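Chemist: any chance you could fold what I've pasted below:
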Amino acid sequence: MSVRPEVFFLPRPIGQRLCVHHPSAGPARAALVYVHPLAEEMNKSRRMAALQSRALAAAGVAVLQIDLLGCGDSSGDFGDATWDAWVDDVAAAAAWLQQRCAAPLWFWGLRAGCLVANAAAARIDGPVRLLFWQPTPNGKLVLQQFLRLKLASQMLDGGGKAALDQARRDLAEGRAIDVAGYTLSAALADGIEQSRLAPPARAARLEWLELSTRADATPAPASSQALSAWQASGCAVRSWLVPGVAFWQTTEIEEAPALIEATLNLFATAPADLAPA
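Modeler: Alright, predicted model coming up:
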């Protein structure tokens with residue numbers, strides 16, 4: 001059984017945000033707010049996010065997808081975005097979903113979206129429940145990876161590392177820069193760079209899923225360190241390595257069926273088992 005998604009615009013202090021609500025088929029056992037990744041990774045991931053959202057809804061899990069300020073079909077340009085505005089958008093989406101679904105609230109992030117989701121979850125009263133797909137433990141790495149796109153572009157134009165160094169100076173002095181067709185403001189760059197996947201100060205449940213094409217893969221050192229920190233803080237943590245391609249960066253739109261199945265399996269567990277310890 002499936003329920004038709006509801007597409008609407010959520011009013012915000014600056015413009016409005018495109019949202020897609022996937023109501024659960026039958027009583028909801030959980031309610032998820034999906035937070036997309038950065039820039040072009042968002043576009044590459046749209047199909048996977050939609051497939052997972054529909055599958056979760058059919059399995060009794062409500063999902064709300066939101067395009068953040070300056071992203072997708074929401075108001076503004078990418079250059080208008082700030083870190084605080086993004087976090088506020090996710091908190092507002094969570095409030096909207098909580099008004100319509102009494103099931104336990106979860107934040108589901110992909111890549112840099114995990115950092116935004118984690119920051120938003122810290123603003124919500126009650127237990128923290130997080131589903132991370134391919135999380136990046138700190139924003140400094142996210143910013144470095146994004147700026148490499150500028151280096152790659154400048155290499156083609158003969159600029160190379162000098163252009164990247166100039167871009168960093170521009171951001172440090174408060175000027176926006178262009179990265180692969182996206183205007184990155186100094187405010188957003190600083191917010192991303194300062195963000196961390198820090199464990200919350202209250203009870204939390206974390207489900208951490210990463211993809212790999214290698215059968216003998218192990219978690220990256222940065223991932224292992226982050227997971228250890230969450231466990232040491234008393235959070236209930238589970239992690240998996242799932243076979244699949246890095247669909248957020250492939251040339252063609254790709255799917256990762258095993259990731260969809262693994263995520264569904266998490267929510268097939270009794271709701272009490274998914275509550276924070």
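
Chemist: where does the stretch 151-277 of the chain have low pLDDT?
Modeler: Residue ranges of the stretch 151-277 of the chain with pLDDT under 70: 153-160, 269-277.

Chemist: can you give me the helices in it?
Modeler: 161-172, 186-194, 221-232, 257-267, 271-274 (DSSP state H, counting those that start in this stretch).

Chemist: so what pLDDT did the most centrally placed residue in the chain get?
Modeler: Centrality entry for the chain: nearest residue to the mean C-alpha point is Gly113, 2.1 Å, by CA atoms, centre = their mean. The model reports Gly113 with a pLDDT of 98.

Chemist: can you show me the strands along the stretch 1-150 of the chain?
Modeler: 6-11, 16-22, 30-35, 61-66, 105-110, 128-133 (DSSP state E, counting those that start in this stretch).

Chemist: can I get the ones you listed in JSON lines including mean pLDDT?
Modeler: Below are the strands of the stretch 1-150 of the chain laid out as JSON lines (pLDDT from 0 to 100):
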{"stretch": "strand 6-11", "mean pLDDT": "97"}
{"stretch": "strand 16-22", "mean pLDDT": "98"}
{"stretch": "strand 30-35", "mean pLDDT": "97"}
{"stretch": "strand 61-66", "mean pLDDT": "98"}
{"stretch": "strand 105-110", "mean pLDDT": "97"}
{"stretch": "strand 128-133", "mean pLDDT": "96"}
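
Chemist: take these and write them to CSV, including distance to Val237 and mean neighbour count.
Modeler: C-beta coordinates here come from the backbone N, C-alpha and C atoms, glycine included. Shown next, in CSV, are those (distance: least, CB to CB, whole Å; neighbours: other CB atoms under 10 Å):
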stretch, distance to Val237, mean neighbour count
strand 6-11, 31, 13
strand 16-22, 26, 21
strand 30-35, 17, 27
strand 61-66, 20, 26
strand 105-110, 14, 26
strand 128-133, 10, 25
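
Chemist: need these in JSON lines (columns: distance to Phe267).
Modeler: What follows is the strands of the stretch 1-150 of the chain, written out as JSON lines (distance: least, CB to CB, whole Å):
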{"stretch": "strand 6-11", "distance to Phe267": "20"}
{"stretch": "strand 16-22", "distance to Phe267": "13"}
{"stretch": "strand 30-35", "distance to Phe267": "6"}
{"stretch": "strand 61-66", "distance to Phe267": "5"}
{"stretch": "strand 105-110", "distance to Phe267": "9"}
{"stretch": "strand 128-133", "distance to Phe267": "9"}
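
Chemist: skipping adjacent residues, who's closest to the residue nearest to the centre of the chain in space?
Modeler: Val35 (3.7 Å; CB to CB, 6 or more residues apart in numbering).
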